[in-house]
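K.L.:
what would the 3D arrangement of this be:
(2 chains)
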Amino acid sequence: MDAIILQILNGLDKGSAYALIALGLTLIFGTLGVVNFAHGALFMIGAFCAVTLQRILALSHEVAVPGETDFLGNPLMRNVPYVYDWFGEAAGQTIIEWSVPLALLFAIPIMIAVGVIMERGLIKHFYKRPHADQILVTFGLAIVMAELIKYWFGANPIPAPAPPAFTGSFDFGAALGMDPNTIIYPYWRLVYFGFAAVVIAAVFAFLQFTTFGMVVRAGMADRETVGLLGIDIDKRFTIMFAIAACVAGVAGVMYAPINSPNYHMGMDFLVLSFVVVVVGGMGSLPGAVLAGFVLGILESFASMREVIEFMPGINQVVIYLAAIIILLTRPRGLLGRKGMMED
Amino acid sequence: MLGLSAKDTRLFLIVIAMVAFAPFLMNPFPTDSAMAQFNAGYPDLMQRFVIFGIFAIGFNILFGLTGYLSFGHAAFLGVGSYAAMWVFKLLGMNVLPALALSIVLSGLFAVVIGYVSLRRSGIYFSILTLAFAMMSYALAYSVLAADMDGPDQQGMLQKGLTGGETGLQLTLSDPRVLGQSTTAEGNIPVPNLFGIEMRDATELVLGNWAFTFSAGYYIAGVIMLIAFYISIRIFRSPFGLMLQAIKTNQTRLNYTGLNSRPYTLAAFVISGMYAGLAGGLMVAMDPLAGPERMFWTASGEVVLMTILGGVGTLIGPVLGAGAIKYMENILSKINKDTLYEWFSFMPDGLEGLLVTMVYPFVGKGWHLTLGIIFMLVVIFLPGGLVEGGQRIRGLFGRKKKTETDTPDGAKSPAE
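P.N.:
Below you'll find the model as predicted:
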């Protein structure tokens, strides 16, 4: 029992990341009809927003420590981050430690800007082009983004630690009345799962309960008719693209403490996220979220030692295997709408 | 000639000439000049040009003609590599049986994958092929590398079928029943074609120029010419027309009562066999096969090559393969010192500025250049380098433009 709970929990954090990226992909596909291969790169840019903010906060200047000298008799110098000067030492230190959650505020405007520039500057010209062209140009864009990040930040992963309040692990076993130390789960992953749930709920609520969301949903169903009603649907779809970029970006920010950001993380996640989207059903938002969590948990179960001993290597192929089976038995994916790219 | 139209014959003869004189064409700069690092005429790189040319020609038969975008073609390259490797290990070092088995095995593999994947089209087909290729990669990387018969069986099966992460290598204790396990000097024998070793090369020194003629390159080149010829025949055949009809409008084709699946499957298998042949040749030139050849980035690379050169054109994929491999090998060798040398004639401030501006695009950053060029090609030149060439020619010889325009669908973007 405890092993099963542990595997489900382990699957949740990866599943959350898959679900968030797949949600954004589906938003873009459903509204603009564009297959965006650069979406993983947006996730990566989000993660590097966390790294950047961490570096900005750590900017420091040298200050002489009063009353102390080094061995040459000069005044002893000490690096003091600027935030210490502005907010006082204790508050400054807290700000630095909380740089990853703070990076959310930093990342949202950046991601919106990136999303709008991408849509207006590039994707707009590809609405009328075939899907293969869209895949190819966004694939090229993904390469360019990954290489730019590699140029600025280097090829090695850069750690971005979680705030100290969340660095420990939560003992689920004790909390559930089972033996302590059987189910241990890092706090940050719980935070990540909760965060993903909030973001997903917010996106759904936005689409469901606001007038803007209603227009967007109408546009997804029949773009032309909405346009004929005198609504500037293009503008709203641009905003949806920015929102989708934002979702991928904040997913990346919060993922930074789980896996140190590197320049190829976008591509790694993109391939799996596409599998997730297709399994969930192209164009279905609930399908993307469901498939994200299902495949994340499936992957985690396949990584159990007992399963691997029984079927070696299954942990690496299980997602693809599931995708193949679902695509062949249920062509439109788990929750796909009938007729949506169903060929 | 050989059943080709006059225009195709001309193209084929040009390609033959290019392959034959590549050691000269690729080495335009004297060896001691500053430009010598732009020379691509060394055997290793020229072999890569033709081998990836074969890979891209095969991919183009599937993607260029039918419009099915496979994102997992590297799986066949890997299967071909492993197959050739096992022939070298078990049978002998002659490359012909190795290449034959590469083609046959990757063809069979393509039948299985194609039969399943081709039930869907569009993005679903891309994802299915990607999934199969990634599964093959994972299997080659871990599962098939497990000990099969224990470590003490001649040391041959120690690392399983694929050798796992380190890849499959030749050892002195391989049986090689038709050849010899070790040479007289006690070395591992070298891949050969009836005694002509792949690494044989003669050097011709003409003044400041040095040209290398490698046996391996010419053998691979001849095979590429055969592959290119077959691809021309496929493009011009009724079968090729049928594939183009699938690309244009598959639904309409189905409504006329034609079952298009056997045609797409045939195209898929043929292009898989081309990929297997390329994989076998890679092993023949450098006897080592690793799982990274099946990773999806390798599949992405052949897509880049085909698009860059020109989808659906005959010569495009070869040009694209050449361009990308040239960038990979030449551009990536330029480092900061080289840049400072080039710009040294300028005033200091300007020199530093230029080096800082150019540096991100060369050396380790060559992928950035590749990505930018690729995006520009997809946006402005959907027909790739071939279309670019035609446009330039159109600018100069306006009269001929209508006649020389491509009949093989370069103008219509891929779907």
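K.L.:
can you tell me the centre-most residue of chain B?
P.N.:
Residue closest to the mean C-alpha point of chain B, counted by C-alpha atoms, centre = their mean, is residue B:52 at 1.5 Å.
K.L.:
which non-adjacent residue is nearest that one?
P.N.:
Leaving out its chain neighbours, the residue that sits closest to residue B:52 by C-beta to C-beta, 6 or more residues apart in numbering or on different chains is residue B:321, at 3.9 Å. All C-beta spots, glycine's among them, are computed from the backbone N, C-alpha and C.
K.L.:
what separation do you get for that neighbour and residue B:375?
P.N.:
Residue B:321 sits 19 Å away from residue B:375, going by C-beta to C-beta, to the nearest Å.
K.L.:
tell me which of those two has more neighbours.
P.N.:
Remark: of residue B:321 and residue B:375, residue B:321 carries more neighbours, 30 against 19, as counted by other C-beta atoms under 10 Å in any protein chain shown.
K.L.:
dump the residue contacts of that one.
P.N.:
The contact partners of residue B:321, by C-beta atoms under 8 Å, 6 or more residues apart in numbering or on different chains, come to B:49, B:52-53, B:55-56, B:305, B:309.
K.L.:
how about residue B:303?
P.N.:
Contacts here follow C-beta under 8 Å, 6+ apart; on that basis residue B:303 touches A:136, A:139, B:59, B:63, B:69, B:71.
K.L.:
now residue A:211
P.N.:
Counting by C-beta under 8 Å, 6+ apart, there are no residues that residue A:211 touches.
K.L.:
which residue packs closest to the residue most central in space within chain A, ignoring adjacent ones?
P.N.:
Nearest residue to the geometric centre of chain A (C-alpha atoms, centre = their mean): residue A:251, 2.7 Å. Spatial nearest neighbour of residue A:251, excluding adjacent residues (C-beta to C-beta, 6+ apart): residue A:20 at 3.7 Å.
K.L.:
count of neighbours near the one you found?
P.N.:
Around residue A:20 there are 31 other residues, counting by other C-beta under 10 Å.
K.L.:
go on, residue B:351?
P.N.:
Counted by other C-beta under 10 Å, the residues lying close to residue B:351 total 16.
K.L.:
likewise the one 10 residues further on?
P.N.:
Using other C-beta under 10 Å as the criterion, residue B:361 is surrounded by 17 other residues.
K.L.:
the helices in the stretch 101-250 of chain B, which residues?
P.N.:
Remark: helices assigned in the stretch 101-250 of chain B by DSSP state H, counting those that start in this stretch are B:122-141, B:215-236, B:238-255.
K.L.:
got the buried residues for the shortest one?
P.N.:
Going back to what we said before, that points to helix B:238-255. B:239-240, B:242-247, B:250, B:253 (16 or more other C-beta atoms under 10 Å in any protein chain shown).
K.L.:
got the phi and psi for the residue of chain A most remote from its centre?
P.N.:
The outermost residue of chain A relative to its centre, with distances by C-alpha atoms, centre = their mean, is residue A:73 at 51.7 Å. Per-residue torsions, residue A:73: phi 90, psi 0 (degrees, to the nearest 10).
K.L.:
need the helix or strand of chain A with the lowest average pLDDT.
P.N.:
Ranked by mean pLDDT, DSSP states H and E, the helix or strand of chain A with the weakest confidence is helix A:172-175, at a mean of 69.
K.L.:
returning to what we had before: which element is the residue nearest to the centre of chain B on?
P.N.:
helix B:43-66 (DSSP states H and E).
K.L.:
average pLDDT across the helix or strand hosting the residue nearest to residue A:251?
P.N.:
Using DSSP H and E, residue A:20 sits in helix A:2-32. The average pLDDT within helix A:2-32 is 84.
K.L.:
next secondary structure after it?
P.N.:
Next element after helix A:2-32 (DSSP H and E): helix A:39-57.
K.L.:
which parts of that following helix are buried?
P.N.:
For helix A:39-57, by 16+ other C-beta under 10 Å, it's A:39-54, A:57.
K.L.:
on that earlier part again, give me the distance between the residue nearest to the centre of chain B and residue A:44.
P.N.:
Applying C-beta to C-beta to residue B:52 and residue A:44 gives a distance of 28 Å.
K.L.:
try residue A:325
P.N.:
30 Å.
K.L.:
average pLDDT across stretch B:133-140?
P.N.:
85.
K.L.:
starting at the chain centroid, how far to it?
P.N.:
Distance, stretch centre to chain centre, for stretch B:133-140: 20 Å (C-alpha atoms, centre = their mean, to the nearest Å).
K.L.:
give the buried residues for it.
P.N.:
B:133-140.
K.L.:
return only those of the residues you listed found close to chain A.
P.N.:
Among the buried residues of stretch B:133-140, the residues that sit close to chain A (C-beta under 8 Å from any C-beta of the partner chain) are B:134-135, B:138-139.
K.L.:
for the stretch 51-200 of chain A, what lies in contact range of chain B?
P.N.:
So the stretch 51-200 of chain A meets chain B at A:122, A:125, A:129-133, A:135-137, A:139-144, A:146-148, A:150-151, A:155 (C-beta under 8 Å from any C-beta).
K.L.:
check the contacts of residue B:303 and tell me the two furthest apart.
P.N.:
A:139 and B:59 (15.1 Å; C-beta to C-beta).
K.L.:
how about the strands in the chain?
P.N.:
With no chain named, the answer covers chain A. A:60-69, A:75-81, A:169-171, A:184-186 (DSSP state E).
K.L.:
should've been chain B
P.N.:
Using DSSP E, strands in chain B cover B:168-169, B:192-193, B:196-197, B:201-206, B:209-214, B:288-289.
K.L.:
how about those strands in a markdown table, adding distance to residue A:278 and mean pLDDT?
P.N.:
Formatted as a markdown table, those follow (distance: least, C-beta to C-beta, whole Å; pLDDT from 0 to 100):
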| stretch | distance to residue A:278 | mean pLDDT |
| --- | --- | --- |
| strand B:168-169 | 33 | 78 |
| strand B:192-193 | 45 | 76 |
| strand B:196-197 | 48 | 74 |
| strand B:201-206 | 48 | 76 |
| strand B:209-214 | 45 | 78 |
| strand B:288-289 | 31 | 82 |
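K.L.:
out of those, deepest packed?
P.N.:
strand B:288-289 (a mean of 22; mean count of other C-beta atoms under 10 Å in any protein chain shown).
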